[in-house]
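Undergrad: Everything below, folded, please.
(one chain, ligands or ions: 1)
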Amino acid sequence: MALLGAKTFQNYIAGEWVDAASGETFESTSPADGETLGIFPRSGRADVERAVEAAKQAFEDWRLVPAPKRGEILFRFGQLLADGKEDLAELMTHEMGKVLPEARGDVQEAVDMAFYMGGEGRRLFGQTTPSELRDKFNMSVRMPIGVVGVITPWNFPIAIPSWKILPALVCGNTVVFKPATDTPALGERFVELLAEAGVPPGVVNVVHGGGGEVGNAIVTHPDVPVITLTGSRDTGVAVTKAAAERLKHVHLELGGKNAIIVLDDADLDLAVEGILWSAFGTSGQRCTAASRVIAHEAVYDQLVSRLVAEAERLRLGVGWDEDTDVGPVINQAALEKIHSYTGIGRDEGATLLTGGEIASGDGLGKGFYYRPTIFGDVDPQMRIAQEEIFGPTTAVIKVRDADEAIQVSNGIEYGLSSSIFTRDVNRAFRAMRDLKAGITYINAGTIGAEVHLPFGGTKGTGNGHREAGQAALDFFTEWKSIYVDYSGKLQKAQIDTAE
Ligand code: NAD
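TA: Here you go, the predicted model:
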């Protein structure tokens with residue numbers, strides 16, 4: 001199906017659609033069948049310069065637009081997204097590859113975020129406090145910061161930009177946005193809809209291109225004080241180093257190696273469903289995907305045999321076909337990386353229980369498809385149990401009890417999502433307390449975040465910030481404390497406090 005064909009797209013700077021200064025381009029192609037979806041500007045430092053200048057100028061007006069008015073624009077944006085949900089979801093099945101119900105969910109998450117953050121326009125609460133002195137008033141208020149550099153991955157091409165751009169805007173900042181080079185068409189649509197919703201020229205700018213060029217130019221630009229990045233751990237480290245020289249505010253959402261614990265008292269039907277959804281949904285390409293299963297020895301054999309049987313029933317195919325369970329992975333490099341981990345797992349002595357191969361029959365050879373893969377007899381220290389594979393591969397680890405399960409779950413460098421299946425409330429509460437992760441699910445898989453709660457991870461998953469919920473506002477604003485003395489005389493804090 002020709003969705004966009006070889007249409008040529010442009011950057012969006014200061015409210016105008018413009019080519020890259022160099023005139024160079026790159027193509028977006030579908031991971032499902034290789035179809036060309038559009039031609040996009042391969043931008044560079046000069047384009048980032050223009051975009052930052054536009055955002056810097058626009059900031060001076062935008063910060064003064066009453067926050068409820070900024071919120072109203074987000075409400076209109078949310079409605080436009082909701083109206084265009086089917087079209088966006090279909091485009092997503094082509095450009096990113098996820099299956100239709102998941103693509104609809106991706107768009108819905110952005111709708112939810114638009115309405116949630118739109119509402120913040122009438123809150124953005126600060127604090128008032130008593131003063132230690134007479135006739136003095138104290139308060140703290142949130143202030144916008146300036147130009148925010150937004151750098152996003154391809155796996156949630158509508159949802160993730162919404163987690164960053166919408167709170168940045170309602171707080172009064174302006175934005176330079178670089179979508180992933182695998183999903184530029186969706187990034188472009190996102191910004192088109194923002195403009196249609198009434199975001200003024202220069203407030204949001206999009207510059208397409210690679211991380212090394214456009215991304216780095218944003219991160220190192222002196223007039224971009226705030227950077228928010230979702231991506232791999234290596235990229236997060238590179239961005240942190242590049243931003244350190246100017247002491248920028250850096251928000252990072254990085255990788256995961258999430259585990260589902262299944263204890264001996266678990267509802268196994270539910271656990272099997274939760275594992276399949278978390279391990280193979282989005283072809284395992286979620287930062288919160290369950291790439292480890294930690295099974296109590298009493299249920300290990302039963303769980304493994306049921307998982308294998310169910311995994312073998314999953315149908316691979318193009319995401320826009322309603323019968324497909326598992327779509328393609330994003331590109332050739334991802335396919336090769338995922339397959340290389342099958343070799344690593346075998347060499348390490350794990351047992352390949354199912355999958356472990358590139359799928360090519362029935363037209364699948366035109367895209368990048370990998371069979372859902374399960375390893376058994378996995379040692380927690382093996383590379384397949386430690387490193388992020390970002391594909392439909394999960395490793396099952398056998399443990400003796402709940403304490404060992406938690407220790408194994410925590411024994412990785414990441415700390416994003418975690419899950420436990422148990423009917424014992426005491427074990428569930430201990431897990432909530434002891435799992436070292438930003439998110440814990442009880443009797444559900446590792447995926448399913450809602451926009452009004454903080455989202456993010458501990459340890460190597462990030463640097464302590466959170467997006468979504470109220471927590472996002474803390475990253476996109478700075479606190480200002482204000483003291484108003486109406487005594488008519490000089491009152492010295494900590495000194496004139498006798499009365
Ligand atoms: P990636 O790190 O390769 O790229 C992410 C973005 O960073 C892209 O836009 C890329 O162009 C840009 N980039 C790359 N190098 C850069 C540099 N030196 N300077 C500035 N920008 C640069 O990641 P990806 O392959 O697009 O996405 C997959 C990764 O994202 C996985 O590790 C996954 O776990 C992670 N992820 C995390 C979350 C989360 O919320 N924790 C959510 C989704 C994805």
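
Undergrad: Would you confirm that Pro380 contacts Ile397?
TA: Yes: using Cβ atoms under 8 Å, Pro380 is in contact with Ile397, at 5.5 Å. Just so you know, the C-beta spots here come from the backbone N, C-alpha and C atoms, and that holds for glycine as well.

Undergrad: intersection of neighbour lists for those two?
TA: Residues touching both Pro380 and Ile397 (Cβ atoms under 8 Å, 6 or more residues apart in numbering): Val408.

Undergrad: Give me the more crowded residue out of the two.
TA: Ile397 (25 against 19; other Cβ atoms under 10 Å).

Undergrad: list the contacts for the more buried one?
TA: Ala259, Arg292, Val293, Ile294, Ala295, Val378, Asp379, Pro380, Ala385, Val408 are the contacts of Ile397 under Cβ under 8 Å, 6+ apart.

Undergrad: how near is the nearest residue to Pro201 once chain neighbours are set aside to Leu193?
TA: Of all residues beyond its chain neighbours, the one nearest Pro201 is Gly15 (2.4 Å), with distances taken as Cβ to Cβ, 6 or more residues apart in numbering. Relative to Leu193, Gly15 is positioned 14 Å away (Cβ to Cβ, to the nearest Å).

Undergrad: more crowded one of the two?
TA: Using other Cβ under 10 Å, the more surrounded residue of Gly15 and Leu193 is Leu193, with 22 against 15.

Undergrad: Only the C-alpha atoms, please, for the one helix or strand the more buried one maps to, written as PDB.
TA: Element membership for Leu193, per DSSP states H and E: helix 184-197. Presented in PDB, the C-alpha positions along helix 184-197 are these (Å, rounded to 0.1, in the frame of the first residue of the first chain):
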ATOM      1  CA  PRO A 184      10.600  10.700  10.500                       C
ATOM      2  CA  ALA A 185       7.200  10.600   8.900                       C
ATOM      3  CA  LEU A 186       5.500  10.100  12.300                       C
ATOM      4  CA  GLY A 187       7.700  12.800  13.800                       C
ATOM      5  CA  GLU A 188       6.600  15.100  11.000                       C
ATOM      6  CA  ARG A 189       2.900  14.400  11.400                       C
ATOM      7  CA  PHE A 190       3.200  15.000  15.200                       C
ATOM      8  CA  VAL A 191       4.600  18.600  14.500                       C
ATOM      9  CA  GLU A 192       2.100  19.200  11.700                       C
ATOM     10  CA  LEU A 193      -0.800  18.500  14.100                       C
ATOM     11  CA  LEU A 194       0.800  20.700  16.800                       C
ATOM     12  CA  ALA A 195       0.900  23.600  14.300                       C
ATOM     13  CA  GLU A 196      -2.700  22.900  13.300                       C
ATOM     14  CA  ALA A 197      -3.700  23.000  17.000                       C
END
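
Undergrad: does any bit of it sit next to the ligand?
TA: No: looking at helix 184-197 against the ligand by Cβ under 6 Å from any ligand atom, there are no contacts, and the closest approach is 9.2 Å.

Undergrad: Give the burial count for the residue nearest to Leu166 when sequence neighbours are not counted, as a bare number.
TA: With Cβ to Cβ, 6+ apart as the criterion, Leu166 has its nearest non-adjacent residue at 4.2 Å, and that residue is Met117. If you count neighbours by other Cβ under 10 Å, Met117 ends up with 30.

Undergrad: Ser22 too?
TA: 15.

Undergrad: In contact with it, which residues?
TA: By Cβ under 8 Å, 6+ apart, the contact list for Ser22 reads Arg42, Ser43, Gly44, Ala46.

Undergrad: Backbone dihedrals for Met139, please?
TA: In terms of degrees, to the nearest 10, the main-chain angles of Met139 are phi -150, psi 160.

Undergrad: Count the residues that sit near it.
TA: So Met139, with other Cβ under 10 Å, has 13 neighbours.

Undergrad: Show me the beta-bridge partners of it.
TA: For Met139, the beta-bridge partners are Thr128, Ile482 (DSSP bridges).

Undergrad: residues in the chain within reach of the ligand, list them.
TA: Residues of the chain lying near the ligand (Cβ under 6 Å from any ligand atom): 151-156, 178, 180-181, 210-212, 215-216, 219, 229-232, 235, 238-239, 253-256, 287, 388, 390, 416, 457, 461.

Undergrad: rewinding a little: ranking the contacts of Ile397 by neighbours, who comes first?
TA: With neighbours taken as other Cβ under 10 Å, the top of the contacts of Ile397 is Ala259, carrying 31 neighbours.

Undergrad: next one: stretch 83-102 to chain centre, how far?
TA: Centroid separation between stretch 83-102 and its chain, computed with Cα atoms, centre = their mean, to the nearest Å, is 17 Å.

Undergrad: in terms of contact, does the residue nearest to Pro201 touch Glu192 like I think?
TA: No: Gly15 is not in contact with Glu192 according to Cβ under 8 Å; the separation is 11.8 Å.

Undergrad: Give me the spatial nearest neighbour of Val204, chain neighbours excluded.
TA: Among residues not flanking Val204 along the chain, Val175 sits closest, at 4.7 Å (Cβ to Cβ, 6+ apart).

Undergrad: just Ile73 next, same as before
TA: Gly198 (4.7 Å).

Undergrad: how much space between the one you found and the ligand?
TA: According to Cβ to the nearest ligand atom, to the nearest Å, Gly198 and the ligand sit 27 Å apart.

Undergrad: you'd agree that residue is up against Arg76?
TA: Yes: proximity of Gly198 to Arg76 meets the contact threshold set by Cβ under 8 Å, at 6.0 Å.

Undergrad: If you count surrounding residues, which of the two has more?
TA: A count of neighbours by other Cβ under 10 Å puts Arg76 above the other of Gly198 and Arg76, at 17 against 14.

Undergrad: right, and the secondary structure at that one would be what?
TA: The assignment at Arg76 comes out as helix when based on DSSP: H, G, I helix; E, B strand; the rest coil.

Undergrad: Quick check, pLDDT for it.
TA: You'll see Arg76 listed with a pLDDT of 98.

Undergrad: Surely it and Ala195 touch.
TA: No: the criterion here is Cβ under 8 Å, and Arg76 misses it with Ala195 at 11.1 Å.

Undergrad: Not counting sequence-adjacent ones, nearest residue to Ile151?
TA: Leu229 (4.5 Å).
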